[in-house]
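Give me a model of this one.
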Amino acid sequence: MAEMWKKTVLLVIDMQKDFIAEGSSVQVLGGPAIVPAVIKAVEMSRHRGMLVVWVVREHDPLGRDVELYSQRMYGTGKTGPLVKGSVGGELVDGLEIHEGEYKLVKTRFSAFFATHLHYFLQRAGINRVVVVGVQTPNCIRQTVFDAVELDYESVTVIVDATAAATPEVHNANIFDMKNIGVVTPTLQEWCK
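Coordinates of the predicted model:
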């Protein structure tokens, strides 16, 4: 079992203050409730000797690297969400990157899109992916579908350590992921 965990990565996706903080323009309403579960998943991953990758969004203050639909939130005189170096771009309280862990910056939904994540995981001998964080219909889903398409041996989404704006949206996306072979345990089941 120990050998399996050494070939498994935990992707902690977008657990940043702008996505979790109440009143943020990009707050994921279900986000605050999963923070304790994400903390526990990170702790368990470290205990198992798994690689932990912190996937975060960081954007240019002028929004030159954001999706077209998001550009309205950025520009001269505007402070958009998740700007590199901003408080909103920091990890939420209780989560911190430890030595030996890796931070990956992305500017789109998928952690694999236009990043070097796949190459990095291949070099590390990773063939199993576990995902926690926000937001289920966007960044979680896109990352999971890309991991499946890239033929990772196993892709897991911890259902109570991921969240969306509503439980209905979250559950519908989990249902879709199950249909393509994604494993969807609760945190308690995954920790056994």
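
Neighbours of the closest residue to residue 112 other than its chain neighbours, how many?
When the adjacent residues along the chain are set aside, residue 112 lies closest to residue 146, with 4.1 Å between them (CB to CB, 6 or more residues apart in numbering). Heads up, the C-betas are built off the backbone N, CA and C, glycines and all. By the measure other CB atoms under 10 Å, the count of residues near residue 146 is 19.

cool, residue 96 as well?
Neighbours around residue 96, by other CB under 10 Å: 11.

With residue 128 instead?
Other residues near residue 128 number 20, with proximity taken as other CB under 10 Å.

Then the one 10 residues further on?
By other CB under 10 Å, the residues close to residue 138 number 17.

Now for it: which residues touch it?
Residue 138 is in contact with residue 109, counting by CB atoms under 8 Å, 6 or more residues apart in numbering.

Specify the local secondary structure of it.
Classification of residue 138 by DSSP: H, G, I helix; E, B strand; the rest coil places it in helix.

In CSV, please show the C-alpha coordinates belonging to the helix or strand encompassing the residue nearest to residue 112.
In this structure, residue 146 sits in helix 141-149 according to DSSP states H and E. Taking Å, rounded to 0.1, in the frame of the first residue of the first chain, the C-alpha atoms of helix 141-149 are listed here in CSV:
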residue,chain,number,x,y,z
ARG,A,141,-14.4,18.8,-13.5
GLN,A,142,-12.0,20.1,-16.1
THR,A,143,-8.9,18.8,-14.2
VAL,A,144,-10.6,15.4,-13.6
PHE,A,145,-11.7,15.0,-17.2
ASP,A,146,-8.2,15.9,-18.4
ALA,A,147,-6.6,13.4,-16.0
VAL,A,148,-8.9,10.7,-17.4
GLU,A,149,-8.0,11.6,-20.9
